[in-house]
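# Could you look at this predicted model? Sequence included:
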Amino acid sequence: MLRATDPHFIQFGEIYFTTIYRGVVKGWHRHREMTLNYACIDGRIKLVLYDDREGSATQGTLVERFLGPDDYSLVVIPPGIWTGFKGMTDSAIVANCATHPHDPALTERMDPFGDRIPYDWGTRHR
């Protein structure tokens, strides 16, 4: 998944695993300092990223990516990016090798079905 010698490796803070079930949405959340390194190691998820960072070259951009058996990619998510994912199989396991230990005071959460981020979890975009 990630080696200390990889060019995109920053530092190690913690690794954790989360299970998600079909149709469940975990999101939105973003971290102020932490870079996330996501991989779906079992099952399939729909991962969605949204950038609302002021002055960012990708401000206003949504990215939708399906991770699973046909795409065992590592997705590196920098600080400040809104992140969420939806379970697409009966169950899926997502691994995150983060650059910092989790600190709830440095994490912001938002309702995944609110209207602040222009995304419909029920639709496949693109």
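Yep, it's here. Worth saying up front: this structure is predicted, and the values here are computed from it rather than measured.
# Contacts only, for residue 33.
Taking CB atoms under 8 Å, 6 or more residues apart in numbering, we find residue 33 in contact with 79, 99, 100, 106. Using the backbone N, CA and C atoms, a C-beta is placed for each residue, glycine as well.
# Now it: which helix or strand?
Per DSSP states H and E: residue 33 is located in neither a helix nor a strand.
# got it, and residue 108?
With DSSP H and E as criterion, residue 108 is part of strand 107-109.
# Now do the contacts for residue 79.
Per CB under 8 Å, 6+ apart, neighbours of residue 79: 30, 31, 32, 33, 34, 35.
# follow-up on the earlier one: which of the contacts of residue 33 sits closest to residue 12?
The closest of the contacts of residue 33 to residue 12 turns out to be residue 99 (CB to CB; 7.2 Å).
# Leaving out sequence neighbours, find the closest residue to the closest one.
In this structure, residue 99 finds its nearest non-sequential neighbour in residue 35, 4.4 Å apart by CB to CB, 6 or more residues apart in numbering.
# Residue 100 versus the one you found, what's the distance?
8 Å (CB to CB, to the nearest Å).
# one step back: tell me how many other residues surround the residue nearest to residue 99.
19 (other CB atoms under 10 Å).
# do residue 102 as well
If you count neighbours by other CB under 10 Å, residue 102 ends up with 13.
# per-residue pLDDT, the closest residue to it other than its chain neighbours?
The shortest distance from residue 102 to any non-neighbouring residue, by CB to CB, 6+ apart, is to residue 14 (6.5 Å). At residue 14, the model reports a pLDDT of 97.
# what sits against residue 14?
Contacts for residue 14 (CB under 8 Å, 6+ apart) come out as 97, 98, 100, 101, 102.
# Only the buried subset of these, as a PyMOL command please.
Buried members of those can be picked out in PyMOL with the line below, counting by 16 or more other CB atoms under 10 Å:
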select buried, resi 97+98+100
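# export the contacts of residue 14 to JSON lines and tack on distance to residue 55 and secondary structure?
Output for these, formatted as JSON lines (distance: CB to CB, whole Å; DSSP: H, G, I helix; E, B strand; the rest coil):
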{"residue": "97", "distance to residue 55": "28", "secondary structure": "strand"}
{"residue": "98", "distance to residue 55": "25", "secondary structure": "strand"}
{"residue": "100", "distance to residue 55": "23", "secondary structure": "coil"}
{"residue": "101", "distance to residue 55": "28", "secondary structure": "coil"}
{"residue": "102", "distance to residue 55": "27", "secondary structure": "coil"}
